[in-house]
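S.K.: A predicted structure for the sequence below; I have some questions about it.
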Amino acid sequence: AQSVAQPEDQVNVAEGNPLTVKCTYSVSGNPYLFWYVQYPNRGLQFLLKYITGDNLVKGSYGFEAEFNKSQTSFHLKKPSALVSDSALYFCAVRDMIKAAGNKLTFGGGTRVLVKP
Amino acid sequence: DGGITQSPKYLFRKEGQNVTLSCEQNLNHDAMYWYRQDPGQGLRLIYYSQIVNDFQKGDIAEGYSVSREKKESFPLTVTSAQKNPTAFYLCAIQTSGTGELFFGEGSRLTVL
């Protein structure tokens, strides 16, 4: 079965400093990996995805994520955080073996607080 | 996403009442999903549909029902059998191929 872990419930960072949100996954086959952001009382917004190829994926709003197969990780990063990046972030995985179907599994979310 | 419309945004209901949440899409995608989100928690899958006239239970289907009579519409009914229905409900469509989800803006249901 596929699973995702986001080990940190909350990440605090000062504005202008680098931001990292951690994600590890477990799948039987090859993974498709996704990051989403959620602002209060809003739906989830798609940030980026890893399918294959370059391990460093660039996405919306200056975010990027690094796929590491040996560590089964897909950490989200931003070189210089903004106060407006304060939100709830979700990692998700889709196991590409046929038996897994098409469903995504989400992590529990990490709240990011960027202080001025 | 502008192509996925959930309504109502906020809904209040008395205990014992059924309520239906609407999810409409004009993006022509086959697969649609319903998730439940509780405060400070992640997403839990209620029901999903890969194609018209077909749907499957997710992890927490008890007390919920759905229909998929049209490609554009996937309404969720929260029945009186759902013991703790107060939550934020999210509908999503899934792209073909890589399969990322795109979400509506959500419906917040409060049981009084």
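M.R.: Yes, it's here.
S.K.: neighbouring strands for the helix or strand harbouring residue A:48, and are they parallel or not?
M.R.: Using DSSP states H and E, the element containing residue A:48 is strand A:44-50. In the sheet, strand A:44-50 lines up against strand A:31-38 (antiparallel) (DSSP bridges).
S.K.: for the residue of chain B most remote from its centre, what are phi and psi?
M.R.: Distance to the chain centre peaks in chain B at residue B:97, reaching 22.1 Å (criterion: C-alpha atoms, centre = their mean). Main-chain torsions, residue B:97, degrees, to the nearest 10: phi 90, psi -100.
S.K.: that one and chain A, how far apart?
M.R.: 9 Å (C-beta to the nearest C-beta, to the nearest Å). Heads up, the C-betas are built off the backbone N, CA and C, glycines and all.
S.K.: contacts for the strand holding residue A:48?
M.R.: When contacts are defined by C-beta atoms under 8 Å, 6 or more residues apart in numbering or on different chains, strand A:44-50 is touched by residues A:31-39, A:57-61, A:63-65, A:67, A:74, A:76, A:90, B:43, B:90, B:92, B:98, B:100-103.
S.K.: how much space between the residue in chain A that chain B sits nearest to and residue A:54?
M.R.: Residue of chain A nearest chain B, by C-beta to the nearest C-beta: residue A:43 (3.7 Å). Distance of residue A:43 to residue A:54, given as C-beta to C-beta, to the nearest Å: 29 Å.
S.K.: before we move on, the earlier item: ok, the residue of chain A closest to chain B to residue A:52 distance?
M.R.: For residue A:43, the distance to residue A:52 - C-beta to C-beta - is 27 Å.
S.K.: which of the contacts of strand A:44-50 are buried, as a PyMOL select command?
M.R.: Applied in PyMOL, the following selects the buried portion of the contacts of strand A:44-50 according to 16 or more other C-beta atoms under 10 Å in any protein chain shown:
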select buried, (chain A and resi 31+32+33+34+35+36+37+38+57+59+63+64+65+67+74+76+90) or (chain B and resi 43+90+92+100+101+102+103)
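S.K.: among the contacts of strand A:44-50, which lie within strands?
M.R.: A:31-38, A:57-58, A:64-65, A:67, A:74, A:76, A:90, B:43, B:90, B:92, B:101-103 (DSSP state E).
S.K.: how about the residue nearest the centre of chain B, nearest residue that isn't a chain neighbour?
M.R.: The residue lying closest to the centre of chain B (C-alpha atoms, centre = their mean) is residue B:34, at 3.2 Å. In space, residue B:34 comes closest to residue B:46 once its chain neighbours are excluded; the distance is 4.4 Å by C-beta to C-beta, 6 or more residues apart in numbering or on different chains.
S.K.: hmm, the one you found is touching residue B:56, no?
M.R.: No: using C-beta atoms under 8 Å, residue B:46 is not in contact with residue B:56, being 10.6 Å away.
S.K.: who has more neighbours, these two?
M.R.: A side-by-side neighbour count of residue B:46 and residue B:56, using other C-beta atoms under 10 Å in any protein chain shown, places residue B:46 first with 26 against 13.
S.K.: which residues does the more buried one contact?
M.R.: B:34-36, B:58-61, B:64, B:66, B:76, B:89.
S.K.: after the helix or strand containing it comes which helix or strand?
M.R.: Per DSSP H and E: residue B:46 is located in strand B:43-51. Once strand B:43-51 ends, the next helix or strand along the chain (criterion: DSSP H and E) is strand B:54-57.
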